[in-house]
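Engineer: can you look at this prediction? I've put the sequence above it.
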Amino acid sequence: MKAHRTIRTALRALRRNPMRAFLTTLGIVIGVGAVIAMMEIGAGSSQAIQKGISSMGANVLLIVPGTASTGGVSYGTGSVTTLTPQDCEAILKYCPAVRNAAPVVRARTQVVYGNRNWVPNSMSGTTREFLEIRQWTRLAEGHVFTERDILNANRVCLLGQTVARELFQGRSAIGKEIRVKNVTFRVVGVLSSKGANMVGMDQDDILLAPWTTIKYRVTGSTLETSNQSAISSASSVNTLSNLYPGDQPSLYPERSEVQAANNPMPVRFTNIDQILATAKSSEAIPTAIQQITELLRRRHHLRPDEDNDFDVRDMTEMTKTLSATTTLMTNLLLAVATISLIVGGVGIMNIMLVSVTERTREIGLRMAVGARPQDILRQFLVEAVVLCLLGGAIGILVGRGSSTLVRLLLRWPTELSIGAITAAVVVSAGVGIIFGYYPAWKASRLDPIDALRYE
Amino acid sequence: MELIELNDICKTYHMGDIKVPVLKNVSLTVAHGEMVALMGASGSGKSTLMNILGCLDRPTSGKYRLDGEEVSQLTPVQRAMIRNRKIGFVFQNFNLLARTSALENVAMPLSYTAGHLSDREARRRAREMLCRVGLEDRLDHEPSQLSGGQQQRVAIARALVNRPPLLLADEPTGNLDSRTSVDVLRMFQQLNEEDGITIILVTHDANVAQHARRIIHIHDGAISNGVCPTGSEPRTGWATETADTGAHI
């Protein structure tokens, strides 16, 4: 019997009792529909959860300068100044696994407004990308400083909730001028609240400003001196018009004679304390680290035997949580999917058994006119598979439809899952074969004489 | 050339430990082109004999040559292929596929034929057969839309679509009224005379048996030489000559 004729016979047999065929396949429709809907809603939720976790900074990479040591005494991170703003731009441009990168210049000094003062835990000069990397683009009020502010080193800043509360006592901070180490800054925006981070540090205790402003107007120094800035602030004369404080940045970092001879390189005009970057996804983190390392080694003219003069750090702990969550979600969905498809398959087997009994005479007739047992087996098997595939197809539509409804009505995130659709088709055909085999085998074992006489 | 040669056919059923002999040393020959009625009361073993003749069942012992081929020891698969090529079946209750057009019903056996026919060829042959039984205007009717006689004619067309040399009819008029019965029996005679198809009618009705040219009585599992109820000469055993039994109309 040719394949297409077998399929046609199966379709014709199903058409002879469309109501029953529909009820039979309903199990598969619901099963596959549930699987697809669950997979899509689940994938969407999983995405949302991953997004949530990565907003805590799971994909964030921190690039810090290396450490200097003389005679076995190490001076710790930031004791050499090797990172430049150009490094940051190059990372954005040449590392495809990196989504975003922002330079960070840090300072720690007193902030004064009226008769109140405060020392923010973190005072960072950066770019607008910093907020995107920290997933912090939503402001409580005001707006973010602009590219032009960065180019012109304009004295504008954003305040964290804690700083704003301490300085302004609940009044609006927008447009007010505060003094940072005797430099006046206009507050252009207040960040939304982010709370404490994983180790309990208050993330809202922050002041953000263009990195150029912090670099050239506030610190004029690297990390090693920034912690003493409070002292210098206290000792210097309080002149509001002092745009450029006495501590000018050293434009030409000191290099030894030997270094200069080895690496005749253009002088770095300025340096930054850190670069904050994000990988495209948590899977891309290792690639991103590798790309950044290669790029920076090239840019810093390091010989193959030289150690890195920088350090790339990732949030291993959070990445682990992230992948564990994803695996858990996937397994959960898989379990639900398996159960519903097994239930659907048992339904198919049930009805196929009834169908074999009901069509005993037909089987006897077909055998009498020359159908071999394998022809009967194939006919019933194909019937079951066709039924399951039809059910699967309807199920895909039902699943897609309900996940779309959920997205539109409940506004849950969903995500089209091609994998789930493929799996549903394969599994429904598989269910047809597995659960259709026994009834088909039973039909093929009938004795034509008994079958013909069956009432 | 004989179409059917039965030699010492025995069939014994086992009911637990008890052996029930149903056919006892039946020997029978049917030539090509004969029309034979197989008569017997219920329980006489005529159904069993018919199952063996139709290659649906295997004899416990004995030889059965059908169209020159020994078929008594074939496997079920081989017997299925013999049934498909050599034998057409007509049943008392028609056994048509419900909600399936007459044409599809007739074409059904062709889908099990080893020599693959194209769909068009299969349909052409089915249509041809339906015309042969006079149903050219009922091709797309479903069994429920046909009368009993028409349904039986569809069944006859289905039995003949593979052009078998032998047609086995098991009580073909059992579900029909007397007028349609005569029509159907005339059709058998016509097929027998015009197309040379060998026909075996299994019946318990003497009026039906009269339409055959030879009547074989079976009694208690053996072919008996009893008196023909209609008064015509019963011709049994190896008698293969065609004789006017009075059943010819």
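Structural biologist: Thanks, I have the structure now.
Engineer: pull the number of nearby residues for the nearest residue to A:V183 once chain neighbours are set aside.
Structural biologist: Excluding its sequence neighbours, the residue lying closest to A:V183 (C-beta to C-beta, 6 or more residues apart in numbering or on different chains) is A:R217, at 5.1 Å. All C-beta atoms are positioned from the backbone trio N, CA, C, and that covers glycine. Counted with other C-beta atoms under 10 Å in any protein chain shown, residues neighbouring A:R217 total 24.
Engineer: and A:L381, by the same measure?
Structural biologist: 23.
Engineer: contacting residues for it?
Structural biologist: A:432-433, A:436-437, A:440 (C-beta atoms under 8 Å, 6 or more residues apart in numbering or on different chains).
Engineer: repeat the analysis, applying 7 Å as the threshold.
Structural biologist: By C-beta atoms under 7 Å, 6 or more residues apart in numbering or on different chains, A:L381 lies in contact with A:433, A:436-437, A:440.
Engineer: can you check A:A153 too?
Structural biologist: By C-beta under 7 Å, 6+ apart, the contact list for A:A153 reads A:210, A:212-213, A:216-217.
Engineer: tell me where the stretch 51-200 of chain A has helices.
Structural biologist: Under the criterion DSSP state H, counting those that start in this stretch, the stretch 51-200 of chain A contains helices at A:85-94, A:129-133, A:147-152, A:161-168.
Engineer: regarding the residue nearest to A:V183, what is its secondary structure?
Structural biologist: The three-state assignment at A:R217 reads helix, by DSSP: H, G, I helix; E, B strand; the rest coil.
Engineer: any idea how far A:V156 is from it?
Structural biologist: To A:V156, A:R217 is 11 Å away according to C-beta to C-beta, to the nearest Å.
Engineer: just say which of the helices of the stretch 51-200 of chain A is most tucked in.
Structural biologist: Sort the helices of the stretch 51-200 of chain A by mean neighbour count, taking mean count of other C-beta atoms under 10 Å in any protein chain shown, and helix A:161-168 sits at the top with a mean of 21.
Engineer: what is the subsequent helix or strand relative to the helix or strand harbouring B:R127?
Structural biologist: Per DSSP states H and E: B:R127 is located in helix B:119-132. Once the chain leaves helix B:119-132, the next helix or strand it forms, by DSSP H and E, is helix B:148-160.
Engineer: give me the contacts around that following helix.
Structural biologist: B:88-91, B:94-96, B:102, B:105-106, B:108-109, B:129-130, B:132-135, B:138, B:143, B:146, B:167, B:172, B:175-176, B:180, B:183-184, B:187.
Engineer: checking my notes, B:L6 in a strand, right?
Structural biologist: Yes - assessed by three-state DSSP, B:L6 belongs to a strand.
Engineer: what bridges to it?
Structural biologist: Note on B:L6: beta-bridge partners B:L28, B:Y64, judged by DSSP bridges.
Engineer: residues contacting it?
Structural biologist: In this structure, B:L6 makes contact with B:26-28, B:62, B:64, judged by C-beta under 7 Å, 6+ apart.
Engineer: which one of these has the most neighbours?
Structural biologist: Using other C-beta under 10 Å as the neighbour criterion, B:V26 leads the contacts of B:L6 with 24 neighbours.
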